[in-house]
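1. Build me a model:
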Amino acid sequence: MNLAQTTMLLWVWGSLQAFEIVEKENIFQRTPCPAFLMFDNAAYLADMSFELPCHCKPEEVSAVVWYYQKHLGSSHTKVLTDFDGRVLTEATHVRVGSDLLVRFSIRMFSLLVFRAQPEDSGLYFCGSRKGDYFYAYDVDIQSTEGMVASFKDLGEEPFADEYHGSLRVFTTFWEWTPCDRCGVRGEQWRIGLCYLQSPDLSPRYRKTLPDVVSCGSQAVPKKLQAKVRDHTPELLVQSCMVPCKNTTTWRGVMAIFNYVSKVGRRPWVPQVPIQFHQQKLGHGLIISCPGARPEHAVAWDKDHQYLYRTQYLKGVNRSMRVFVDYGNHLHIRFTQLQDRGIYYCWRQGVRVAGFRLGVTSRGRYKVSFSDPELRSAVELTMIGYLLITAIFVIIHLCRCCCYLFRCYPTFSP
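-> Got it, this is the predicted structure:
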């Protein structure tokens, strides 16, 4: 390629880049901001990450500022930016329970919130550093506490719609997830969030369907909030079976290992990356699947045992020691020696990681009240002590009453 051809290629590439930039700017030119600020309703499940795009802004504004209010007109407003729109946070660096100010990121004028919590519900405004608002959202983060699971294989059905006069409370389900395993029987599920339909909603909140918003929306009047409080999110689970993708490459690798290790025993080669962890006997453990989110299809196996949600989902049995929560985390309470083994994690139908768990009784454990199991043990001990004390006092009061009535049967002269 000579100099003239190279120059021509660079000129064409630069022209295409400039055309792309002009097209992105024209998006905001073609989308005028509303004269009266409206709120788009959006609902998510706790621990999910979501994105709020700023659909409009004046052409002269080069960087947007995102604001957060718990309630409309609140005197306390959080500013979710450095006033230059350059805040970037990686989802892998976000911890559960951290404050909203360290769980958000701004990219291409859009606001990203990682591992959202019910406390993050409220109003989000896209505006300028001068305090002008261009676009707004009404975000409802619904808690997984009290979430109800229905298993289609067992003949269970979701909740029926509730009617309270002109108010209708119902569940809106998302699409089915992919099958969480391949080559064997797996499971798939769909998340259902609480929604309601009523003619008494505030007109300032934009609805996807007429008079329909999520149950935690601020468009719902206070007189209706008490009627929808008991309608929790739902999870619908069913069995599935899909074949695995082509594994020719892996079979070729295994053939090489078989050839190399003709002499002696063939070494054990894991099919996925294995992480080793040593856990103290009697203490709890929570395992997360790498790269998985609550909306992903995630499955867990222990060695050759499949931990199906039909048996191991949180809440199926109150006495469960090993269970999977609604955020796809594997919980092991009060670790025992039989918990040793390799726990495999599936994500979107592909086995992606393994955790070799060892259990030891050696070493001292530093007691800390930040340990949830220690707090639970202390609470149970105190409740038992108070219950025994109450029974003791009641018995003695009854004995005193019997003694008084036996010695003094009547009080008349």
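
2. Break down the stretch 101-250 of the chain into its helices, ranges please.
-> 222-228, 248-260 (DSSP state H, counting those that start in this stretch).

3. Check those for me: which has the lowest mean pLDDT.
-> Of all the helices of the stretch 101-250 of the chain, the minimum mean pLDDT falls on helix 248-260 (a mean of 50).

4. Each with direction, which strands does the very next helix or strand once past that helix pair with?
-> Using DSSP states H and E, the helix or strand that follows helix 248-260 towards the C-terminus is strand 274-280. Partner strands and pairing direction for strand 274-280 (DSSP bridges) are strand 350-360 (parallel).

5. Run the chain-centre distance for the strand ranked longest in the chain.
-> Using DSSP state E, we find that the single longest strand of the chain is strand 185-197. In terms of CA atoms, centre = their mean, to the nearest Å, the centre of strand 185-197 is set 13 Å apart from its chain centre.

6. got the buried residues for that strand?
-> Buried residues in strand 185-197, counted by 16 or more other CB atoms under 10 Å: 186-197. C-beta: built from backbone N, CA, C; applies to glycine.

7. In TSV: those, plus distance to Val242 and pLDDT.
-> Output for the buried residues of strand 185-197, formatted as TSV (distance: CB to CB, whole Å; pLDDT from 0 to 100):
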residue	distance to Val242	pLDDT
Gly186	7	94
Glu187	11	94
Gln188	9	93
Trp189	15	92
Arg190	16	92
Ile191	20	92
Gly192	23	93
Leu193	26	94
Cys194	31	94
Tyr195	31	94
Leu196	36	93
Gln197	36	93
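
8. and of those, the nearest to His164?
-> Distance to His164, by CB to CB, is smallest for Leu196 among these, at 9.5 Å.

9. Phe273 contacts Gly354, doesn't it?
-> Rather than Phe, residue 273 is Pro. Yes - using CB atoms under 8 Å, Pro273 is in contact with Gly354, at 7.0 Å.

10. neighbour-wise, which of those two wins?
-> Gly354 (20 against 10; other CB atoms under 10 Å).

11. Tell me the secondary structure of the residue positioned nearest the centre of the chain, please.
-> Residue closest to the average C-alpha location in the chain (CA atoms, centre = their mean): Asp47, at 2.5 Å. Following DSSP: H, G, I helix; E, B strand; the rest coil, we place Asp47 in the coil state.

12. Not counting sequence-adjacent ones, nearest residue to Met48?
-> Excluding its sequence neighbours, the residue lying closest to Met48 (CB to CB, 6 or more residues apart in numbering) is Pro294, at 5.2 Å.

13. Tally up the residues packed near that neighbour, please.
-> With other CB under 10 Å as criterion, Pro294 counts 19.

14. you'd agree it is in a strand?
-> No - applying three-state DSSP, one finds Pro294 to be coil, outside a strand.

15. That one: what's it in contact with?
-> 45-48, 191, 326-328 (CB atoms under 8 Å, 6 or more residues apart in numbering).

16. Could you check how far Met48 is from Ser288?
-> According to CB to CB, to the nearest Å, Met48 stands 15 Å off from Ser288.

17. now swap in Thr81 and tell me
-> 29 Å.

18. These two: which has the busier surroundings?
-> With neighbours defined as other CB under 10 Å, Thr81 and Ser288 compare such that Thr81 has more, 18 against 15.

19. Provide the secondary structure category for the more buried one.
-> Thr81 ends up coil, using three-state DSSP.

20. In this structure it contacts Trp66, no?
-> Yes - with contact defined as CB under 8 Å, Thr81 reaches Trp66; the gap is 5.6 Å.

21. shared neighbours of the two, anything?
-> Counting by CB under 8 Å, 6+ apart, the residues touching both Thr81 and Trp66 are Ile106.

22. Would you indicate which residues of whichever helix or strand Ala377 is part of are buried?
-> Ala377 is part of helix 372-407, with elements assigned from DSSP H and E. Within helix 372-407, no residue counts as buried by 16+ other CB under 10 Å.

23. That one - what's its average pLDDT?
-> Mean predicted confidence for helix 372-407 is 83.

24. Kindly report the same for stretch 143-161.
-> Stretch 143-161 comes out at a mean pLDDT of 90.

25. in that stretch, what counts as buried?
-> Applying 16+ other CB under 10 Å to stretch 143-161 flags 143-144, 147-151, 158 as buried.

26. I'd like those laid out as a markdown table, including distance to Ser376.
-> Supplementary listing: the buried residues of stretch 143-161 in a markdown table, determined by distance: CB to CB, whole Å:
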| residue | distance to Ser376 |
| --- | --- |
| Ser143 | 20 |
| Thr144 | 19 |
| Met147 | 21 |
| Val148 | 24 |
| Ala149 | 23 |
| Ser150 | 29 |
| Phe151 | 28 |
| Pro158 | 32 |
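
27. which one of those is nearest Leu337?
-> For those, the nearest to Leu337 is Ala149 (30.3 Å; CB to CB).

28. which residues pair with the closest residue to that closest one other than its chain neighbours across the strands?
-> Once flanking residues are discounted, Ala149 sits nearest to Leu235: 4.4 Å by CB to CB, 6+ apart. Beta-bridge partners of Leu235, counted by DSSP bridges, are Ala149, Ile191.

29. before we move on, what about the one 4 residues further on?
-> Under the criterion DSSP bridges, Ser239 forms beta bridges with Glu187.

30. Verify the stated contact: it with Val184.
-> No - in this structure, Ser239 is not within contact of Val184 by CB under 8 Å, at 10.8 Å.

31. And the pLDDT at Glu234?
-> Value listed for Glu234 in the pLDDT field: 93.

32. ditto for Phe36
-> 82.

33. burial count for it?
-> 5.

34. Shouldn't it be within a helix?
-> No - assigned with three-state DSSP, Phe36 falls outside any helix and is coil.

35. Distance of it relative to Ala42?
-> Counting by CB to CB - Phe36 and Ala42 are separated by 19 Å.

36. Okay, now the unreliable bits of this structure?
-> Along the chain, the model assigns pLDDT under 70 to residues 1-31, 82-102, 246-270, 362-374, 407-413.

37. what sits against Gln69?
-> By CB under 8 Å, 6+ apart, the contact set of Gln69 is 76-78, 122-123, 125.

38. measure Asn221 to Val228 for me?
-> Careful, residue 221 is Pro; it's not Asn. 11 Å.

39. Looking at the two, which is more packed in?
-> Val228 (19 against 11).

40. Run a quick neighbour tally on the residue lying closest to the more buried one once chain neighbours are set aside.
-> Sequence neighbours aside, Cys215 is the residue nearest to Val228 in space, at 4.4 Å (criterion: CB to CB, 6+ apart). Counted with other CB under 10 Å, the neighbours of Cys215 add up to 23.
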